[in-house]
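# Output the structure for:
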Amino acid sequence: MDIPGWFVWLFLGLAVLQVLGLVPVIRRLRGSDSAVRFEARLDLLDVVVSLLLFGGMVLSLAVAESWFWLTCAGFALMAAVYAVKGVRWLRTRERHTA
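Numbers count the residues shown, from 1 in each chain. Predicted structure coming up:
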C-alpha cells in the first residue's frame, strides 16, 4: 500500500511547526527564575518528544515499518512528560487553594 505524497508533506509541515515552537522555549531557558526554567525544560522535552513521534510516524509510513519503535518510544515519553506536567499542575493548584 502506497502512502499518498500529501500525507508525508502534512507530517513534515507539522514537524516544521514543532521546530518553530522551539524558539520561545529556548528563550525561556535563559530566564533567571528557576521555576520558569524548569517549565521551559519540560516544554523543550515535550517538543523533542513530539518531533520523535512525528519522525517515527513518517519513517514508518514512508520508509519501512521497522521504524515504528520510534513512534512507540515517543508515545511512552510523551505520557511521562504529561504525567510530570500534571503532577506539577496539581501541586501548584493545591498551594493556591490552601
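
# Just the buried positions in the lowest-mean-pLDDT helix or strand in the chain, please.
Lowest by mean pLDDT, DSSP states H and E among the helices and strands of the chain is helix 5-20, with a mean of 83. Going by neighbour count (16 or more other Cβ atoms under 10 Å), the buried part of helix 5-20 is 11, 14, 15, 18. Any C-beta I mention is one placed from the backbone N, CA and C, and that applies to glycine too.

# ok, how many other residues are close to the nearest residue to the third one once chain neighbours are set aside?
Read it as residue 15. Nearest non-adjacent residue to residue 15, counting by Cβ to Cβ, 6 or more residues apart in numbering: residue 54, 4.6 Å away. By other Cβ atoms under 10 Å, 21 other residues sit near residue 54.

# who does the helix or strand residue 54 falls within touch, helix- and strand-wise?
Element membership for residue 54, per DSSP states H and E: helix 34-62. Counting contacts by 3 or more Cβ pairs under 8 Å, 6 or more residues apart in numbering; DSSP states H and E, helix 34-62 is packed against helix 5-20, helix 22-29, helix 68-97.

# Throw the ones you listed into JSON lines and include distance to residue 40, thanks.
Below are the helices and strands packed on helix 34-62 laid out as JSON lines (distance: least, Cβ to Cβ, whole Å):
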{"stretch": "helix 5-20", "distance to residue 40": "16"}
{"stretch": "helix 22-29", "distance to residue 40": "4"}
{"stretch": "helix 68-97", "distance to residue 40": "12"}
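
# Go through these and find the least confident stretch.
Mean pLDDT is lowest for helix 5-20 out of these, coming in at a mean of 83.
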